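attaching a predicted model along with its sequence, questions to come.
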Amino acid sequence: MKEGGFLRLPTRVATTERGLGAERRSLRLALIEWSTQRRARLYALPLASAALAAVLLATLEPGFYRPANLHVLMQQASVLGLVTLGQLLVLLVGGIDLSVGAVMNASLIIIALMNQHRSALALSLLACIGLGALVGMINGLLVSLRSVPPFAATLGMLACIQGAILVYTKGIPAGNIPASLRPVALVGVGIVPYSLIICLAIAIVLTFALRRGTYGRKIYAVGRSPEVARRVAISTTNVRISAYVMCGVLAALAGIILSAYVGYVDPEIGGNYNLESIAAAVLGGVAFTGGEGGAIGALAGVLFLLVLLNVVTLSSLNPFTQLIVQGVVMLLAVSVFQFLKNRTAI
Amino acid sequence: MFGHHRRLRWRSRTVMVIGVVAVVAVSMLVAVGASSGAHTKTFTVAFVSQGTSNSWAAQLDAVARKTAASLGVKLVYFNGQGDATKQLPELQTAIAEHPDAMVVVPLGQAADTGPVERAVNAGIKVVLCDSKINSQNYTSLVNPNPATATVPLAQWLAKKMNYQGNLLYIGGLPGNGTTILYDQGFHSVMSKYPKIHIVNGGNANYSISTAKQLAATAIASGTKFGGSWGVGGEAVTGIMQAYVDSKVRPIPPNAGAAATNGTLRLAIQNNIQAAMLQFPPADSKVCIETAVKALKGQSVPKNINISTLPQYGDLFPPLTKYYKAQYSDDMYVGTDAVLSHSELAALHLTK
C-alpha cells in the first residue's frame, strides 16, 4: 500500500463542538472519496483476469463450456460464494473467521437430526440460521469487547462447535437430509440452480450496501482505521459484531445449501471452507489488513478458484500433479494481482 | 473330683485339636486363595484409540470396550481425538502408566514408532490395531490389508468393464498409509489392462462432499465412464451421489468402498453394480483378544490380516444380503455381529 493511496487525516484535532463537527464531516467525505475511487480500480482487476481465463479455457478445455459442467460449477460456486461473502465482511473490518466450516457442519447435523425427529423443515432451517447468528455474535463480542485476536477467538469457537457436535452425536450423526431440501441445490432456472440465484441476490444487496449505504462506509472505515472511525462517532463494536453475525448467518446458509447438494450426512462437511473462503476473498482483492475489497471481487475470486479446480479435474492429470498445478496458478494469480494493485495505487 | 479333672483334660485336648484343624484349614485356604489369584489376575490394557472423531472410531471403541468387559480385562481408554499430534501425548501417558498390554490405533505412522518401541522395550505387550508403524518392534499387528483386499475388487471391476473403456478414479488422502495400500492393489491389477483408461478425478481426502464435487465435475465433462473406483467409503459415496444427481443412466459399476450400510443402500436403491471391501471397526474385538492371549503367554501371530478372515472378506453382488434396513447409514458391516441392538441404539446406529 502506497502512502498516497490512503486517506489524509486532518493534522489537528479540534476541541470545540463546532470544530469537532467539521472534522467529522471532512473525515466522512475523505472516506467516501477514497473508497469510491480505490474500489473502482480494484474491481477491474479480478474481472479482467476472469475474462482472460474464460478465453483461455475455451481454447484449452472446450468441455468446460458444456451446460452440464457449467451447472455443476454454478452449484459449487453458490456454496463457496456464500461463505466467501460472509468472510469478506469479517475481513473488511480487519478480522478473520475460522469457524465458518464448523457452522456449516453444525447446520448439516441440525437438519439431519431434526429431520429424524420429524420436525418441520422450515424450523430446522431457522435453527441453523439462529445458530450461525449466535456463533457470529459470540465471535464478535470476543473480538470487540474482550479484544481477543480474531484468529484465536474463531479458532476457539471452531473447537467448541466441533466438540459440541462430537459430544452430542458421539461421532455418529443420525438422520438423513430431507428430500424436499434437495431441489434448492439441484434444480433451478435452466442450468442456473436456485442456490446460485440466492447467492447472487445476496451479493447484489451486499454490493449496494457496501458501495452506497451508510453501513458500507462504516464497515470500510472500521477496517481501514478503527481510530478514525471512532472519531467520527462510528461504533466500531457494533460494526464488528454485525459483520461477524452476518458471516455466521451466511455460513449457516451455505451449510444448508451444501447439505442439499451433497444429500448425505457427511460428518466432515465444511472443513475445507475455512481456508477456501479466505483464499477466494484474498484472490478477489480483499486485504487481510481490512478496509479493502468488495463483493464482486470476492465472487470473482470464488469463480477463479472453482474454475481452476474444475479445469484441473477435467484435465485428468495425476492427482499429485493436480495439487502442484493448483498451487502454482494460485501463487501466480496472487502475485500478478498484488503487482497490478501496487501499480494502480501509485 | 477325679471325673471333673478328666473332663477338663478332655476339653483342653478338644480345644487344641480344633485349634490345630482351624490353623491348618486357614493356611490351606490362604494358600489356595493365593495360587488361584495368580490365575485370575485382572489384566490392565491401555487402549490408545483414534478417539472421538467419526462413526468408524465410535464403533471401534464400543466393540473394544465390550470385548474387554467380556474377557474380564480392565481397559483404560486414551482418546486420540482423531489427530496424530493429539494422540502422541496420550500414547506417552499410557506408556508411563505401565499397563500389562497396549492396544494402539496408530494415527501417525512415523510419530508413533518411537513410543511404541519404547513400550515394547519396557516389557509391555503392544498390539497395533488397523494401522502400522515404521518398525517391526511390536507384539502383533491386526490390520485389514487393502493392498491384497483391493485386488479381487479391481479384477471384478475390470471384468465388468470388459477390460476396456474409461474408468473414473477418485483418490484418498495423498501420503496416507491406507491410500497407498489401496492404490498398490488397484494399480497392480489395472496395469495389466492397457485398454482401460484411468481418468484421475482428484483426491477426495476422505470427504464425501469433496468426492461428490470432483465426481460431478468429471461426469459433467461428458466423458463416458465404463466404471468408477473410489478409495474408501467416502469417495464411493460421493461418486454414487454424483451419478444419482446427474441423471446419467445406467450408472456404471463401482468398486473400492469400505462397506457401510450407507454405501450398500445407495448401491441397492440405485441399481448400481458394486463391489466393496471391509475395513471393519468390529476388528477391535480381534485386537483386544490378541492382547489378552499375549498376556496369558499364548503365542500370537506377528501379523493378522483381517481381510482373510471369513467374516471380513470382500463383498460382491448381490449386496442385498449384507444390507440391514433397520440400521443407519453409518453402521459398518459386522458391527451388529458384536454389539446388541440396544448398544447400537446408544450409538445412534438404529433408525
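Yep, that arrived. Because the structure is a prediction, the values reported are computed rather than measured. Numbers count the residues shown, from 1 in each chain, chains lettered A, B, ... in the order given.

how far away from the center of its chain is the helix or strand hosting residue B:148?
Residue B:148 is part of helix B:146-160, with elements assigned from DSSP states H and E. Mean-position distance between helix B:146-160 and its chain equals 21 Å (Cα atoms, centre = their mean, to the nearest Å).

next secondary structure element downstream of it?
Immediately after helix B:146-160, counting by DSSP H and E, sits strand B:165-171.

strand partners of that following strand, parallel vs antiparallel please.
For strand B:165-171, the pairing partners within the sheet under DSSP bridges are strand B:196-203 (parallel), strand B:225-230 (parallel).

looking at those, which is nearest to residue B:172?
Comparison of these against residue B:172 by Cβ to Cβ identifies strand B:196-203 as nearest, at 6.6 Å. For the C-beta atoms, the positions are set from N, CA and C on the backbone; glycine is no exception.

give me the buried positions along the closest one.
The neighbour-count check on strand B:196-203 (16 or more other Cβ atoms under 10 Å in any protein chain shown) flags B:196, B:198, B:199, B:200, B:201, B:202, B:203 as buried.

residues of the stretch 1-150 of chain B that sit close to chain A?
Contact residues, the stretch 1-150 of chain B versus chain A (Cβ under 8 Å from any Cβ of the partner chain): B:52, B:53, B:54, B:55, B:57, B:58, B:59.

secondary structure element holding residue 238?
You didn't pick a chain, so chain A it is. helix A:236-262.

look at chain B instead
Counting by DSSP H and E, residue B:238 is found in helix B:233-246.

which SSE is immediately downstream of the helix or strand bottoming out on mean pLDDT in chain B?
Lowest on mean pLDDT, DSSP states H and E among the helices and strands of chain B sits helix B:2-39, with a mean of 57. Per DSSP H and E, helix B:2-39 leads on to strand B:44-49 as the next helix or strand towards the C-terminus.

gap between residue A:185 and residue B:342?
37 Å (Cβ to Cβ, to the nearest Å).

over to residue A:193?
43 Å.

who's more crowded, the two?
residue A:193 (26 against 8; other Cβ atoms under 10 Å in any protein chain shown).

is the more buried one bridged to anything, and to what?
residue A:188.

quick one: it from residue A:265, how far?
Counting by Cβ to Cβ - residue A:193 and residue A:265 are separated by 21 Å.

repeat for residue B:272
19 Å.

the more surrounded of the two?
Ranked by neighbour count (other Cβ under 10 Å), residue B:272 and residue A:265 place residue A:265 first, with 27 against 22.

so what's that one up against?
By Cβ atoms under 8 Å, 6 or more residues apart in numbering or on different chains, the contact list for residue A:265 reads A:108, A:109, A:112, A:173, A:174, A:175, A:176, A:177, B:329, B:330.

now with 7 Å?
By Cβ atoms under 7 Å, 6 or more residues apart in numbering or on different chains, the contact set of residue A:265 is A:108, A:112, A:173, A:175, A:176, A:177, B:329.

quick one: contacts for residue A:313?
Counted by Cβ under 7 Å, 6+ apart, residue A:313 has contacts B:201, B:202, B:214, B:217, B:218.

out of these, flag the one nearest to residue B:309.
residue B:201 (32.2 Å).

can you flag the weakest of the strands paired with strand B:165-171 by average pLDDT?
Mean pLDDT per stretch puts strand B:196-203 lowest among those, at a mean of 92.

now the angle between strand B:196-203 and whatever helix or strand comes next after that one, please.
Using DSSP H and E, the helix or strand that follows strand B:196-203 in sequence is helix B:208-220. If you take axes from the mean of the first three to the mean of the last three Cα atoms, to 10 degrees, helix B:208-220 sits at 140 degrees to strand B:196-203.

residues from the stretch 51-200 of chain A in reach of chain B?
Within reach of chain B by Cβ under 7 Å from any Cβ of the partner chain, the stretch 51-200 of chain A has these residues: A:63, A:66, A:68-69, A:71-72, A:76, A:166, A:169-172, A:174, A:186.

picking up where we left off before, just how off-centre is the helix holding residue B:238 within its chain?
Using Cα atoms, centre = their mean, the offset of helix B:233-246 from its chain centre is 25 Å.

repeat for stretch B:211-225
The answer for stretch B:211-225 is 32 Å, by Cα atoms, centre = their mean.

tell me which element the residue nearest to residue B:52 when sequence neighbours are not counted is part of?
Among residues not flanking residue B:52 along the chain, residue A:166 sits closest, at 4.9 Å (Cβ to Cβ, 6 or more residues apart in numbering or on different chains). Using DSSP H and E, residue A:166 maps to helix A:150-169.

flag the shaky bits of the stretch 1-150 of chain B, pLDDT-wise.
Within the stretch 1-150 of chain B, the set of residues satisfying pLDDT under 70 comprises B:1-40.
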